[in-house]
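> Everything below, folded, please.
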Amino acid sequence: MAPPSSLSINAAPSDESEDNEPLLGDDTVPPQCCSARLNLAVLMFLGFSVVYGLRVNLSVAMVAMVNTTDSGPGRNSSVAHACPLPPGSENSSGTFEQPDGTPQYPWDAKTQGWLLGAFFFGYLCTQIPGGYLSGHYGGSIFLGLGVLSTAALTLLTPLAAQWGPYWLFALRALEGLGEGVTFPAMMAMWARWAPPLERSRLITISGSGSNFGAFLAMPLTGYLCQALGWPSVFYLCGGAGCLWAVLWFMFVSDDPRTHRRISKEERDYIVDSIGRQGGGHGWSVPLLRMMMSVPLWAIIVTQMCSNWSFYTQLTSLPTYMNNILHFDLKSNGFLSALPYLAAWLCSVLSGFLADSLIEKKVFSITTIRKLFTLTGKENLTADFLLAIGSNAHHGPSPAGMLPPAGFLLAVAYAGCSHVLTITFLTLSSAVAGTSSPGVFINQIDIAPRYAGFLLGITNMFGTIPGVIAPIVTGYFTEDHTLAGWRKVFWVSAAINVGGAFFYTLFGSGDIQPWAVAEDDDDDEGAKRERKRSDST
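Numbering: from 1, shown residues only. Next comes the predicted model:
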């Protein structure tokens, strides 16, 4: 249990003065519409939309990049018998029509799995350094440079593919290095910008760009591959990222006190409501006490379990749509994107609902985080597999957690039914999207001043499944059979259910003692004294 002085920073609605009146009344809250904090959330939303477009484009483009007419072990017979081909396609060559001269490569399932997982080898390496430096210096420079470097490297993808799979693997790993700082930098910025009563909605809006970016990138990638050839995908996505970076550096500030276009009313509201926890954490951090923190490990374990499903879908779902269900490339991209649309809508709505429940004191912060984690999956959302559990993008009642896992398993037994497969995937993602205001933002609850650093830690562990899951999927599905894909879905569902229950048992929304600075008590006492003076 956190000391009383820290609870006000963690949960403003429960922070009351001695006469039981909130420190900040409703009349002191400036409008959110067109505010600097909402503009920041929108810019972050667009940034993460670009980021996930850069991350997911290879998953869809891979279908066009690979020459499926090349014979390989088990390839021709397995693909032909997994599900029947659509009417009229029995005599097709199996290749996708692209502009003349568009290269294709004879990569087998294992090679594709390694290439799809390469991004995460780099991505996990910069999580902790990015979070640490963002917490000390501020997150805007790291988030902006993270997106810009990833976008610039994406422009080189066609050249790297031409040189060979080893070059492409190295390039994708470098892209991961650049993008690895983005989410920790986002959380470090919200530690300074997000009032406690608005954390769920602001962080959910910005983080939901990951789902929206995947939703846009998948069908757009499929269309571009057939209309202009797969290299155009990487040129367009890379250019969009560079353009966003220009806007970001023009309009964003690390701290509301240094923002050039913020109103005095809004600045004072943000600074006063956050208090000293909105500052940087300095060079030293209580690392040993963090590693001994059960609530932190609850976030780590849950995010790892949740991300196994998320990254399985993100990297492998287009391949399933192509090799098993035999969708054409345009349909493949659009239908693979539907789960992300459902998750995006549900995640944004759930963020507003969570803040409303906190403000009205319906549940404690701990209960809110667990409830939304259990009713969905992770966060950020995002996504498909949603078997349930956690993060972040990254709660609590077993009943809420089981529906996404059940829908995911239903996919495994939907067989060759296109309608049932898409329906179950979309329903699973919609339910999972409600976990965005759950474990995904829990770092800022338990340690606001270290939120960026903690997200770097949890995201590093959470990225490990991004390295392993595509490789495991490649081995399970080497023969392109429904039985192999059923193993993929069963493993994802089981891992995510385990993570959800772990968070339910050990998660917390209370600020931890090691996250409270020695002078925080004095800071909270000064607030109360100012309120008493104003009232008299």
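> Let's test this: name the helix or strand in the protein with the lowest mean pLDDT.
Across the helices and strands of the chain, mean confidence by mean pLDDT, DSSP states H and E is lowest for helix 4-10: a mean of 35.
> continuing past that helix, what's the next helix or strand?
As assigned by DSSP states H and E, the chain's next helix or strand after helix 4-10 is helix 36-65.
> tell me the mean pLDDT over that next one?
The pLDDT scores in helix 36-65 average 87.
> Buried residues in it, which are they?
For helix 36-65, burial by neighbour count (16 or more other C-beta atoms under 10 Å) applies to 36-38, 40-41, 43-65. Every residue, glycine included, has its C-beta placed from N, CA and C.
> quick one: low-confidence parts of the stretch 351-500 of the chain?
375-406, 408 (pLDDT under 70).
> Which parts of it are helices?
Remark: helices assigned in the stretch 351-500 of the chain by DSSP state H, counting those that start in this stretch are 365-374, 398-412, 418-432, 443-446, 451-476, 482-506.
> what's the longest one packed up against?
With contacts defined as 3 or more C-beta pairs under 8 Å, 6 or more residues apart in numbering; DSSP states H and E, helix 451-476 has these neighbours: helix 109-123, helix 127-137, helix 182-193, helix 294-323, helix 443-446, helix 482-506.
> now swap in the fourth one and tell me
The elements that helix 443-446 packs onto, with contact taken as 3+ C-beta pairs under 8 Å, 6+ apart, are helix 182-193, helix 199-207, helix 294-323, helix 451-476.
> what is the orientation angle of the host helix or strand of G239 with helix 36-65?
Assigned by DSSP H and E, G239 belongs to helix 231-251. Using axes from the mean of the first three to the mean of the last three C-alpha atoms, to 10 degrees, the direction of helix 231-251 lies 170 degrees away from that of helix 36-65.
> Helix 231-251: what's the following helix or strand?
Criterion used, DSSP H and E; the element after helix 231-251 is helix 264-274.
> Now do whatever helix or strand comes next after that next one: distance to the chain's middle.
Under the assignment DSSP H and E, the closest C-terminal helix or strand after helix 264-274 is helix 287-291. Distance, stretch centre to chain centre, for helix 287-291: 25 Å (C-alpha atoms, centre = their mean, to the nearest Å).
> Could you check helix 287-291 and say which residues are buried?
For helix 287-291, by 16+ other C-beta under 10 Å, it's M290.
> packing partners for that helix?
Right, helix 287-291 is packed against no helix or strand by 3+ C-beta pairs under 8 Å, 6+ apart.
> For Y413, what are phi and psi?
Per-residue torsions, Y413: phi -110, psi 10 (degrees, to the nearest 10).
> if I look at it, how far off is Y223?
Using C-beta to C-beta, to the nearest Å, we find Y413 at a distance of 31 Å from Y223.
> do V497 as well
36 Å.
> now swap in T504 and tell me
With C-beta to C-beta as the criterion, T504 and Y223 are 42 Å apart.
> Likewise for F352?
33 Å.
> do the same with H418
19 Å.
> same check, this time on T111
26 Å.
> In terms of neighbours, single out the busier of V497 and Y223.
V497 (21 against 17; other C-beta atoms under 10 Å).
> Wait, M304 touches G499, no?
Yes: applying C-beta atoms under 8 Å, one finds M304 in contact with G499, separated by 6.9 Å.
> Indicate which one of the helices and strands packed on helix 451-476 is closest to V252.
Across the helices and strands packed on helix 451-476, V252 has its closest neighbour in helix 182-193 (8.3 Å, C-beta to C-beta).
> Centre of the chain to that closest one, how far?
For helix 182-193, the distance to the chain centre is 14 Å (C-alpha atoms, centre = their mean).
> elements contacting it?
Against helix 182-193 (3+ C-beta pairs under 8 Å, 6+ apart) you get helix 36-65, helix 127-137, helix 140-154, helix 199-207, helix 264-274, helix 443-446, helix 451-476.
> looking at these, which is closest to T102?
helix 36-65 (7.8 Å).
> what angle do that closest one and helix 199-207 make?
40 degrees.
> Report the contact partners of Y52.
209-214, 217 (C-beta atoms under 8 Å, 6 or more residues apart in numbering).
> what's the closest of those to L454?
Among the contacts of Y52, and counting by C-beta to C-beta, the member closest to L454 is S210, at 18.8 Å.
> Does the closest one touch F48 like I think?
Yes: counting by C-beta under 8 Å, S210 does reach F48; the two are 4.9 Å apart.
> mind putting the contacts of Y52 in TSV, neighbour count and distance to P465 included?
Formatted as TSV, the entries for the contacts of Y52 read as follows, by neighbours: other C-beta atoms under 10 Å; distance: C-beta to C-beta, whole Å:
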residue	neighbour count	distance to P465
G209	26	21
S210	33	16
N211	33	18
F212	25	22
G213	28	20
A214	31	17
A217	30	21
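> With respect to I457, which of the residues you listed is nearest?
S210 (19.2 Å).
> Look at that closest one and tell me its secondary structure.
helix (DSSP: H, G, I helix; E, B strand; the rest coil).
> how much space between the closest residue to it other than its chain neighbours and A217?
With sequence-adjacent residues excluded and distances taken as C-beta to C-beta, 6 or more residues apart in numbering, S210 is closest to Y52, at 4.4 Å. Going from Y52 to A217 by C-beta to C-beta gives 7 Å.
> again, but for S417
Applying C-beta to C-beta to S417 and A217 gives a distance of 26 Å.
> State the distance from F501 to M304.
Counting by C-beta to C-beta - F501 and M304 are separated by 14 Å.
> The two: which is more packed in?
Each of F501 and M304 has its neighbours counted (other C-beta under 10 Å); M304 has more, 24 against 19.
> what's the spacing between that one and S210?
Distance, M304 to S210, using C-beta to C-beta: 17 Å.
> Next up, the contacts around P470.
Shown in contact with P470 (C-beta under 8 Å, 6+ apart): 113-114, 116-117, 311-312, 315-316.
> and of the residues you listed, the nearest to A194?
Closest to A194, out of all of those and judged by C-beta to C-beta, is Y311, at 26.9 Å.
> Compute the number of surrounding residues for the spatially closest residue to that closest one that is not a sequence neighbour.
Distances taken as C-beta to C-beta, 6+ apart put G466 closest to Y311, at 4.2 Å, once the chain neighbours are dropped. G466 has 24 neighbouring residues, counting by other C-beta under 10 Å.
> just S436 next, same as before
Neighbour tally, S436, other C-beta under 10 Å: 40.
> I figured it hits F372, correct?
Yes: between S436 and F372 there is a contact at 7.3 Å, judged by C-beta under 8 Å.
> Common neighbours of the two, please.
In contact with both S436 and F372: S350, using C-beta under 8 Å, 6+ apart.
> ok, P465 - contacts?
Neighbours of P465 in contact, by C-beta under 8 Å, 6+ apart: 304, 307-308, 310-312.
> W107 touches L115, doesn't it?
Yes: using C-beta under 8 Å, W107 makes contact with L115 at a distance of 7.1 Å.
> ok, now which ones touch F249?
Contacts of F249 (C-beta under 8 Å, 6+ apart): 140, 144.
> mind listing what the residue nearest to V252 when sequence neighbours are not counted touches?
Nearest residue to V252 in three dimensions, chain neighbours excluded: S140, at 4.8 Å (C-beta to C-beta, 6+ apart). S140 makes contacts with 185, 189, 248-249, 252-254, as judged by C-beta under 8 Å, 6+ apart.
> Pull out the buried residues from those.
185, 189, 248, 252-254.
> Could you double-check that C83 sits in contact with I324?
Yes: C83 lies in contact with I324 (C-beta under 8 Å); the separation is 5.6 Å.
> more neighbours, the two?
Legend: neighbour count by other C-beta under 10 Å for C83 and I324, higher for I324 (21 against 18).
> Tell me the predicted confidence for that one.
The per-residue pLDDT of I324 was computed as 75.
> for it, what are its contacts?
82-83, 416, 480, 482, 485.
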